[in-house]
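# Need a 3D model of the sequence below.
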Amino acid sequence: MTVDESKALNKGAQVYWRGDANDSGIITETSWDAVTIAWNNGQSARVYHGDMREIQQTPTKPHTM
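The predicted structure is shown next:
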């Protein structure tokens, strides 16, 4: 996503790493320069708005088991 899209995210928004429905997370914090994502694998990451290129708001790859 772009910097502007990242800045528009709100707490509770779901995001996907590289559009993979199996690799999702929830926005837990937002600030002027970054968001914090709680990933479904138990990890948490602070990601700066300019570094959100690999993160999407909608899945483009289906969920597989």
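# Quick check: which element contains the spatially most central residue of the chain?
Nearest to the geometric centre of the chain sits Val15, at 3.6 Å (CA atoms, centre = their mean). Secondary-structure assignment from DSSP states H and E places Val15 in strand 14-17.
# Let me see the contact set for Arg18.
By CB atoms under 8 Å, 6 or more residues apart in numbering, the residues touching Arg18 are 54-56, 61. In this view, the C-beta of every residue, glycine as well, is placed from N, C-alpha and C.
# Mind giving me the ChimeraX select for those, buried ones only?
Buried members of the contacts of Arg18 can be picked out in ChimeraX with the line below, counting by 16 or more other CB atoms under 10 Å:
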select :55,56
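# Nearest to Ile37, out of the contacts of Arg18: which one, please.
Each of the contacts of Arg18 was scored against Ile37 by CB to CB, and Ile55 proved nearest at 7.7 Å.
# picking up where we left off before, in contact with the spatially closest residue to the residue nearest to the centre of the chain that is not a sequence neighbour, which residues?
Leaving aside its chain neighbours, Val15 sits nearest to Ile55 (5.1 Å; criterion: CB to CB, 6 or more residues apart in numbering). Applying CB under 8 Å, 6+ apart to Ile55 gives the contacts 1, 6, 15-18, 37, 47.
# Just the buried residues out of the residues you listed, in PyMOL syntax.
Selection of the buried residues among those in PyMOL, burial being defined by 16+ other CB under 10 Å:
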select buried, resi 1+6+15+16+17+37+47
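# can you give me the helices for the protein?
Taking DSSP state H as the test, the helices found in the chain are 3-7.
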